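Asks: Can you look at this prediction? I've put the sequence above it.
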Amino acid sequence: MIGEVYGIAKSVTSIIVQKFCEVISRQFKPIVFMKPTTIKIKQMISKFETLHYIPYIIGTTDGTHILIIVPCTDLGSYHCRKGFYSCLLQGICDVEYKF
């Protein structure tokens, strides 16, 4: 689908997506956390409630717009409210701001 939107061959799109994922993985590896244990979940819940007075929370969801080149088709799907073309990146962060 990405290749079709930008008029790029599937083979080139595959390479671009693979390189993008490698960079994201390398850049964010130090702050990414793995699935927590039951004990860790209880600690996260307790810390969240202590800091923000909200019970039973282990993480928060947020997103950001990543600026992209104007796509060849379906312009409306990529034009964001901020006035430019973007893809949305969403993530979950724990109480220590780890993505």
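Replies: Sure, I can see it. Small disclaimer: the values here were computed from a predicted structure and weren't measured.
Asks: who touches the helix or strand residue 20 falls within?
Replies: Using DSSP states H and E, residue 20 maps to helix 10-28. Here helix 10-28 makes contact (CB atoms under 8 Å, 6 or more residues apart in numbering) with 2, 3, 6, 8, 99. For glycine as for every other residue, the C-beta is placed from the backbone atoms N, C-alpha and C.
Asks: 7 Å - rerun?
Replies: Here helix 10-28 makes contact (CB atoms under 7 Å, 6 or more residues apart in numbering) with 2, 3, 99.
Asks: Turn these into a markdown table, including secondary structure and neighbour count.
Replies: Shown next, in a markdown table, are the contacts of helix 10-28 (DSSP: H, G, I helix; E, B strand; the rest coil; neighbours: other CB atoms under 10 Å):
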| residue | secondary structure | neighbour count |
| --- | --- | --- |
| 2 | helix | 15 |
| 3 | helix | 15 |
| 99 | coil | 12 |
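Asks: Which of those sits closest to residue 66?
Replies: If you rank the contacts of helix 10-28 by distance to residue 66 using CB to CB, residue 2 comes first, at 12.9 Å.
Asks: Roughly how far does the spatially closest residue to that closest one that is not a sequence neighbour sit from residue 58?
Replies: Once its chain neighbours are removed from consideration, residue 2 has its nearest residue in residue 13; the separation is 5.4 Å (CB to CB, 6 or more residues apart in numbering). Residue 13 is 35 Å from residue 58, where distance means CB to CB, to the nearest Å.
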